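Student: A structural model of the following input is requested.
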Amino acid sequence: MAAAARDPNSGRNKEAVAGDEREVPLDAKVAFLAMPRAFGRTSGPIRCHETHMSWLFSTPDEVYKLKKPVRFPYLDFSSLERRRMACAAELVLNRRLAPDVYKRLAPLTCRGDTLAIDGVGEVVDWLVVMRRLDEGRTLDAGLFVLGHDASISSSSCCARCSAA
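Tutor: So this is what the prediction gives:
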């Protein structure tokens, strides 16, 4: 099968089209993204992490963020277009400070009953694609090594760091 041509501006496959916001349930998207084959892999663990507004899927070298279709007083991801705009804004904002981490946006597409990242078919959601960072160099890991509970408050953490 030939690879689909990419649009030079968006990076999307030209065959991927924005449709009438076909409803693919969040749990179906999460189940698909939790499988190695979603990322073109035959095996290997995919780490999944849920936050109040997103799902993160970590492969050995990349992290894919799927925003949940939620609405809170401080954010609105309730529509496909709002999630696309939020993903694009996140990419622009965070590339200023971490240009080598924030790679691109990727459409999650559906054709028939088949979901795909960067696939052919109707765009059913958007993913922020990032380079995976060394988890051993995170604040949580550093606090764990020092024997501190990573769930301590930020003010307590700042007080400890400034006293050191």
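Student: contact partners of the lengthiest helix in the chain?
Tutor: Ranked by residue count and defined by DSSP state H, the top helix of the chain is helix 80-97. Outside of helix 80-97, the residues that reach it under the criterion Cβ atoms under 8 Å, 6 or more residues apart in numbering are 18, 21, 65, 67, 69, 75-77, 101-102, 104-105, 123-128. For glycine as for every other residue, the C-beta is placed from the backbone atoms N, C-alpha and C.
Student: switch the cut-off to 6 Å
Tutor: Counting contacts by Cβ atoms under 6 Å, 6 or more residues apart in numbering, the residues outside helix 80-97 that touch it are E21, K67, D76, F77, Y102, L105, W126, V128.
Student: Report the buried residues of it.
Tutor: Of the residues in helix 80-97, those buried by neighbour count under the rule 16 or more other Cβ atoms under 10 Å are L80, R83, R84, A86, C87, E90, L91.
Student: Could you single out the nearest of those residues to P36?
Tutor: Comparing those against P36 with Cβ to Cβ picks out C87 as the nearest, at 22.9 Å.
Student: which one is the closest one nearest to, not counting chain neighbours?
Tutor: If the residues on either side of it in the chain are set aside, C87 comes closest to W126, at 4.5 Å by Cβ to Cβ, 6 or more residues apart in numbering.
Student: can I assume the one you found sits in a strand?
Tutor: Yes: according to DSSP: H, G, I helix; E, B strand; the rest coil, W126 belongs to a strand.
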